[in-house]
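Okay, sequence plus prediction incoming.
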Amino acid sequence: MRDYNQANLRNICLAGHGGSGKTSLAEALLYTTGQISRLGTIETGNTTSDYRQEEIDHKISMGVTPLYCEWDQCTINILDTPGFTDFTGDVKCAMRVADGVIVMLRALEGIEVETDRAWKYADEYGLPRMIVINLLDKEHTDFFDTLSRVQQRYGTQAVPITLPIGENESFSGVIDLINMKALNYQVEGDGKPTLGDIPENQIDIAMEYREKLMEIVAESNDELLEQYFEAGELTQAQLLDALRKGICTGSIYPTLCTSASHNIGTSAVLNAITTLMPSPTDRPTFRALQDGTDEELLLEADSSGPLSALIFKTVSEQHIGELSYFRVYSGAIRHGDDVYNTSKDTTERFGQMYITLGRERTEMGTVRAGEIAAVVKLKDTHTGDTICSRANKITLPRITFSDPVAEVAVSPKSKEDEEKISMGLSRLHEEDPSFINRYDPELKQMILAGAGEMHLEMVVERLERRFGVSVDMVKPRLPYRETIRGTSEKQGRFKRQSGGRGQFGDAWIKIEPSLRGHGYEFVDEIVGGAVPHRFIPAVDKGIQEAMDEGVVAGYPVVDIKATLYDGSFHSVDSSEMAFKIAASLGFKSAVKDARPVLLEPVYEVEVLVPEDYMGDVMGDLSARRGRILGMDQKGGLQLVRAEVPLAELYRYSTALRSMTHGRGSHSRRFLRYDDMPQDVQKKTIEESEESKEQA
């Protein structure tokens, strides 16, 4: 590592759709800078960033991986992130601590679902970004067509600073529009180009796009725009200075072209990172809260200031234990320092700290403002926690995650593991807060909820590998409800005589439906003391207990008005227990005679897909008993809105991925309870009765 110099530090997140080449670009950047000695590939499972066994097995990135390299006197921290919806939580973790984003695109497909999601996250964090159009060596790719689609979506400020030399299999280099030179590469070479003149057949288009670049740059500054109109061009110094300022303020998105797997265009990306992307000191001040108050503080990226750092990811590494990745926003942390965790109100001692390159680690004695590193074996500190000094307690904004869209129920295969499963899932949740685990007392199941089925499968894999707990994954039971559509009046009578004092309770109950969502209402219409006042609360309680147990299929009864209007009692044998049982019997009898129905939860679902898959997606939603609400254009994608019963959404993420070749994503939120169709209701009641018999 070079000596610490914030101005020469870059923290860059690689983001984009799965298969766009983020890991391949990271590998090419490391190889070109000499950080690694061989160019690994995803197919052979030997890339630097996808080093975890599950990533090698599945051939996709499943977590953020911090890497680093050096180029042109700068240290570049690279955060390689997953491109699949299931692991989008790690993208947010990485962007939370990055100073800039490289948004990767496949040249042929252009803007895809996760491209837009990455762009949205970059907007959320106010991050400068550059665009890399990758895989230009593939058949049928057209850089200018893809560029046009990008500009339609993100505006003309997405301006090229390199153009391709050759196309498809003949793609062999790039034209540097800033220096007006040709950079010619060897396929799978060392990434160091041979400088040359721009090919004659591309001089005109290079001049055209350099002029467009100057116009966009000049428009970012009124004074510069006036000079540009007067002189007709900008000096090289003016161009570079204004371009960098425009990128740092988010008004310009430089666009480059590459074939990362062939290591073509890589050096141009490195040059753009070091000369155009911001350092920590170029970023706005960071906002924090004085611990325990709403007082906002502005933190400068100053190593001599008060300590503030964020743990942005905790992982478990074989042979080392928990490894916590963090970024220091202000101040510095030294080996052996005692620090304060404001999120947990605990003190931690920082032990060995490292800068990481995949599974390789290089020890660091001090980590200063702007730097990203890892620390081992923190006791109570995990993803999203703030670290500071006890003398200056502050809290940095936590990382927020999207709502889960997939659920599965899990149970240990061995009864001996029942206690271990809860502990193991809690530990995994501390590392990955984007999934939720909870025990649902109504369903009597342990529920896992996450960003997709693959996400949950990985949680289960880690549970077995880390804690030795094997579980069965099954479809969660559904939180159905029961209600009535008619009115009924029934007597509930409980009498028991077994020698000595007996039990007697007699209650006449009328039930009728309430408005949806109104809940339960109990009305006392007893006159003349037919039921003594002291027993009336027991009647109310008996009805509520019967509602919790259900009548038709064992699901809670909702939206009912119950009226106690008559009854009788025995001066000696009547008791609260007797009236509670009598009320329960009367209520159950009345429900069966009041046209009972089952209600099922209905969710509002939003599906984001390319237009090519619209027909398949809408047909599938209809087959799932869904009701299409409408369609909207969202950038280059289509947003389909529908209402779908929860019963039909099990493993929908996997089905959608298969249907759209990984290019669709969805979100869902609970909407309401609706009547269940008669055929589905009959089947559900039969299944409930079978479960009771088996139990």
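That came in fine, so what should we check first?

Helices along the stretch 401-550 of the chain, start to end?
418-431, 453-467, 536-549 (DSSP state H, counting those that start in this stretch).

Of all those helices, which one comes closest to Asp616?
Nearest to Asp616, of all the helices of the stretch 401-550 of the chain, is helix 453-467, at 18.9 Å by C-beta to C-beta. For glycine as for every other residue, the C-beta is placed from the backbone atoms N, C-alpha and C.

List the buried residues for that closest one?
By 16 or more other C-beta atoms under 10 Å, the buried positions in helix 453-467 come out as Glu453, Met454, His455, Leu456, Glu457, Met458, Val459, Val460, Arg462, Leu463, Phe467.

Likewise for stretch 648-663?
For stretch 648-663, by 16+ other C-beta under 10 Å, it's Glu648, Leu649, Tyr650, Tyr652, Ser653, Ala655, Leu656, Arg657, Met659, Thr660, Gly662, Arg663.

between those, which is closest to Gly250?
Arg663 (26.9 Å).

Do I have it right that that closest one meets Glu109?
Yes. Counting by C-beta atoms under 8 Å, Glu109 is a contact partner of Arg663 at 7.4 Å.

Now list whatever residues contact both of those two.
Residues touching both Arg663 and Glu109 by C-beta atoms under 8 Å, 6 or more residues apart in numbering: His17.

show me what contacts Gly89?
Contacts of Gly89 (C-beta under 8 Å, 6+ apart): Phe401, Ser402, Asp432, Pro433, Ser434, Phe435, Ala451.

got the CA coordinates for the helix or strand where it lies in PDB?
Using DSSP states H and E, the element containing Gly89 is helix 88-97. C-alpha atoms of helix 88-97 as PDB (Å, rounded to 0.1, in the frame of the first residue of the first chain):
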ATOM      1  CA  THR A  88     -29.400  -6.800  -3.500                       C
ATOM      2  CA  GLY A  89     -28.900  -6.100   0.200                       C
ATOM      3  CA  ASP A  90     -25.200  -6.300  -0.300                       C
ATOM      4  CA  VAL A  91     -25.300  -3.700  -3.100                       C
ATOM      5  CA  LYS A  92     -26.800  -1.200  -0.600                       C
ATOM      6  CA  CYS A  93     -24.100  -2.100   1.900                       C
ATOM      7  CA  ALA A  94     -21.400  -1.400  -0.600                       C
ATOM      8  CA  MET A  95     -22.900   1.900  -1.900                       C
ATOM      9  CA  ARG A  96     -23.400   3.100   1.600                       C
ATOM     10  CA  VAL A  97     -19.600   3.400   2.000                       C
END
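
angle of it against helix 453-467?
Interaxial angle of helix 88-97 relative to helix 453-467 (axes from the mean of the first three to the mean of the last three C-alpha atoms, to 10 degrees): 80 degrees.

distance of Leu108 from Arg149?
Counting by C-beta to C-beta, to the nearest Å, the gap from Leu108 to Arg149 is 11 Å.

And for Arg390?
For Arg390 relative to Arg149 (C-beta to C-beta), the value is 53 Å.

For Gln491, name its beta-bridge partners.
For Gln491, the beta-bridge partners under DSSP bridges are Trp508.

wait, what's in contact with it?
Gln491 neighbours (C-beta under 8 Å, 6+ apart): Asp506, Ala507, Trp508, Ile509, Gly586, Ser589.

can you give me the helices in the stretch 51-200 of the chain?
Ranges of helices in the stretch 51-200 of the chain, per DSSP H, counting those that start in this stretch, are 53-58, 88-97, 113-124, 143-154.

most packed of those?
Mean neighbour count, computed with mean count of other C-beta atoms under 10 Å, is highest for helix 88-97 among the helices of the stretch 51-200 of the chain, reaching a mean of 25.

same question for that helix, mean pLDDT?
Mean pLDDT, computed over helix 88-97, is 96.

And stretch 675-683, by the same measure?
On average, stretch 675-683 scores 91.

CA atoms only: put stretch 618-637 into PDB for me.
Provided in PDB are the C-alpha atoms of stretch 618-637 (Å, rounded to 0.1, in the frame of the first residue of the first chain):
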ATOM      1  CA  MET A 618     -49.400 -11.200 -17.300                       C
ATOM      2  CA  GLY A 619     -50.600 -14.700 -18.400                       C
ATOM      3  CA  ASP A 620     -48.800 -16.300 -15.400                       C
ATOM      4  CA  LEU A 621     -50.300 -13.700 -13.000                       C
ATOM      5  CA  SER A 622     -53.800 -14.500 -14.300                       C
ATOM      6  CA  ALA A 623     -53.100 -18.200 -13.900                       C
ATOM      7  CA  ARG A 624     -52.300 -17.400 -10.200                       C
ATOM      8  CA  ARG A 625     -55.800 -16.000  -9.700                       C
ATOM      9  CA  GLY A 626     -54.300 -12.500 -10.100                       C
ATOM     10  CA  ARG A 627     -56.200  -9.400 -11.200                       C
ATOM     11  CA  ILE A 628     -54.200  -7.100 -13.400                       C
ATOM     12  CA  LEU A 629     -54.500  -3.500 -12.200                       C
ATOM     13  CA  GLY A 630     -52.500  -1.700 -14.800                       C
ATOM     14  CA  MET A 631     -49.200  -1.200 -16.600                       C
ATOM     15  CA  ASP A 632     -46.800   1.700 -16.600                       C
ATOM     16  CA  GLN A 633     -43.600   2.500 -18.400                       C
ATOM     17  CA  LYS A 634     -40.600   2.700 -16.100                       C
ATOM     18  CA  GLY A 635     -37.500   3.700 -18.100                       C
ATOM     19  CA  GLY A 636     -36.900   1.000 -20.600                       C
ATOM     20  CA  LEU A 637     -38.900  -1.500 -18.600                       C
END
